[in-house]
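Colleague: With the input below, show me the fold.
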Amino acid sequence: MAEIKEMLAGFVEVANNPKAQLDKYLAEGKRVIGVGPYHVPEELVHAAGAVPFGVWGAIGSSDNAKKYFPPFYCSICQMTLEMGMTGKLNGLSGMMITGLCDTLRAFSQNWKAAMGTKIPMIYVSNSQNRFIEAGRTYAIDSYKEVKRGVEECSNAIIENDDMLASIKLYNEWRAAMREFVELAGTHPAEVSVADRVAVINAGYYELKEEHLARVKALNAELAKLPESTAGFNKIVLSGIYEDIPAIVEILDTNKYAVVADDLAKESRAFSREVPEAGCAIEALADGWCNLKEDPELFDPKKAHLAALVKKAKESGAQGVVILLAKFCDPEEFEAPLATKELREAGIPVVTIEVDQSTESYEQARTQLETFKELLA
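Modeller: Residues are numbered from 1 along each chain as shown. Now for the predicted structure:
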């Protein structure tokens, strides 16, 4: 147990000090490229010998970014631009940004307007209709452009063999993260919600080979222990992110165990499997085109709804907590449908609105305290 606590403390140190991690890599002479949300081919950055560095906004107020955004705008985009404008991302050689939703597309142009050439943008234009040949062709062409952008920002030529090696590493890392999520869910006495968030977030700031080695060691220790869910309220989290300190504190205080999740920053990000042979650009495109059951992506049959119900049942969850990111159109469209589907399946559900600029979560505390009683 002491060894596990020591391991977790290492993840907490990295997760709570991303700037120190950035400075460390820069001091080692490495190029660092920011990787924004979400589903980006960051294997290209790794293959170039650079460090992919996750940027998902931050807790705070977007005083400078408000010049570029209306008030009703996703806080991740607002706070990411705020970080750029206030120098918190200085040292990045580039910033990879997707156009997965209307908000991200506009954000990409605001990034160019605000940041200019200080931190160049590498735009990832994803094909939303991934299930037809034209969608695959579009993804291949797009990733070729992304590769050129990464090469310019990293001052390196990316070879196919290097890309395949990075793809293999990332597949192994994603598999280890899926295992960690499962083990953390069955060992809440050893891995608190705060610890769980720290392990996942550290993976956004470390080189994947470094993070992978530590996650595998942690998984091995957790696997030796019996399950410790007795006395905990077992839930599935759904939404974009959970790493709001106030929300995490409320979940831990009320003895919630996250037995599984359907979060964009967590398990959805680990779901991709990329072929490990042939043309690496085509392999990355195939990995994208094979993604399913994601409310942020084109999902005409709403397969995500059935997948969420299935995840809740198979994980043994007593209920589902939807962490609804404020002003996130795809999630706001999906939430009422998910609530209806879950209730019809007999699964309790509660929706908590989250935002990186929200100062007080006392209403959320009341909601989660009440929800706990419903699960008893």
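Colleague: residue nearest the centroid of the protein?
Modeller: The chain has Lys265 as the residue nearest its centroid, 1.7 Å off, counting by C-alpha atoms, centre = their mean.
Colleague: wait, isn't it in contact with Tyr241?
Modeller: Yes: between Lys265 and Tyr241 there is a contact under C-beta atoms under 8 Å: 4.3 Å. Every residue, glycine included, has its C-beta placed from N, CA and C.
Colleague: between the two, what contacts are shared?
Modeller: In terms of C-beta atoms under 8 Å, 6 or more residues apart in numbering, Lys265 and Tyr241 are both contacted by the residues Trp56.
Colleague: all strands of the stretch 251-376 of the chain, in order?
Modeller: Ranges of strands in the stretch 251-376 of the chain, per DSSP state E, counting those that start in this stretch, are 256-263, 319-325, 349-354.
Colleague: Give the other helices and strands that the last one contacts.
Modeller: For strand 349-354, the elements it packs on are strand 319-325, helix 329-344, helix 362-375, judged by 3 or more C-beta pairs under 8 Å, 6 or more residues apart in numbering; DSSP states H and E.
Colleague: Give the pairing partners of it; include direction for each.
Modeller: strand 319-325 (parallel) (DSSP bridges).
Colleague: tell me the mean pLDDT over the strand it pairs with?
Modeller: Averaging pLDDT along strand 319-325 yields 97.
Colleague: can you check stretch 291-303 too?
Modeller: The pLDDT scores in stretch 291-303 average 92.
Colleague: The chain should start at 38 in everything you say after this.
Modeller: Understood, numbering begins at 38; the last thing we discussed is stretch 328-340.
Colleague: What are the buried residues along it?
Modeller: Neighbour-count burial for stretch 328-340 flags 328, 330-334, 336 (criterion: 16 or more other C-beta atoms under 10 Å).
Colleague: Reformat the residues you listed as JSON lines; add distance to Asp178.
Modeller: What follows is the buried residues of stretch 328-340, written out as JSON lines (distance: C-beta to C-beta, whole Å):
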{"residue": "Leu328", "distance to Asp178": "18"}
{"residue": "Glu330", "distance to Asp178": "26"}
{"residue": "Asp331", "distance to Asp178": "22"}
{"residue": "Pro332", "distance to Asp178": "26"}
{"residue": "Glu333", "distance to Asp178": "22"}
{"residue": "Leu334", "distance to Asp178": "19"}
{"residue": "Asp336", "distance to Asp178": "23"}
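Colleague: most packed of the strands of the stretch 288-413 of the chain?
Modeller: Most buried of these by mean neighbour count (mean count of other C-beta atoms under 10 Å) is strand 293-300; its value is a mean of 25.
Colleague: can you list the helices and strands packed on strand 386-391 in CSV and add distance to Ile318?
Modeller: CSV is the format used below for the helices and strands packed on strand 386-391 (distance: least, C-beta to C-beta, whole Å):
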stretch, distance to Ile318
strand 356-362, 31
helix 366-381, 27
helix 399-412, 43
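Colleague: Ranking the ones you listed by mean neighbour count, which comes first?
Modeller: strand 356-362 (a mean of 23).
Colleague: Using CSV, write out every CA atom in that one.
Modeller: C-alpha atoms of strand 356-362 as CSV (Å, rounded to 0.1, in the frame of the first residue of the first chain):
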residue,chain,number,x,y,z
GLY,A,356,-25.8,5.3,-11.4
VAL,A,357,-24.4,7.7,-13.9
VAL,A,358,-23.2,11.3,-13.4
ILE,A,359,-23.3,13.5,-16.5
LEU,A,360,-20.7,16.3,-16.2
LEU,A,361,-22.2,18.7,-18.7
ALA,A,362,-19.6,21.2,-20.0
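Colleague: mind checking how far it is from the chain centre?
Modeller: How far strand 356-362 lies from its chain's middle: 15 Å, per C-alpha atoms, centre = their mean, to the nearest Å.
Colleague: So what would you say the end-to-end distance of stretch 95-113 is?
Modeller: Start-to-end span of stretch 95-113 (C-alpha to C-alpha, to the nearest Å) is 7 Å.
Colleague: quick revisit: with Ala212 as the reference, name the closest of the strands of the stretch 288-413 of the chain.
Modeller: Relative to Ala212, the nearest member of these by C-beta to C-beta is strand 293-300, separated by 15.9 Å.
Colleague: of all the helices and strands packed on strand 386-391, which lies closest to Val187?
Modeller: Of these, the one closest to Val187 (C-beta to C-beta) turns out to be helix 366-381, at 26.8 Å.
Colleague: Contacts for the closest one, please.
Modeller: For helix 366-381, using C-beta under 8 Å, 6+ apart, the contacting residues are 138-140, 275-277, 332-333, 339, 341-343, 345-346, 349, 357, 359, 361-362, 385-386, 388.
Colleague: what angle separates it from strand 356-362?
Modeller: Helix 366-381 runs at 160 degrees relative to strand 356-362, counting by axes from the mean of the first three to the mean of the last three C-alpha atoms, to 10 degrees.
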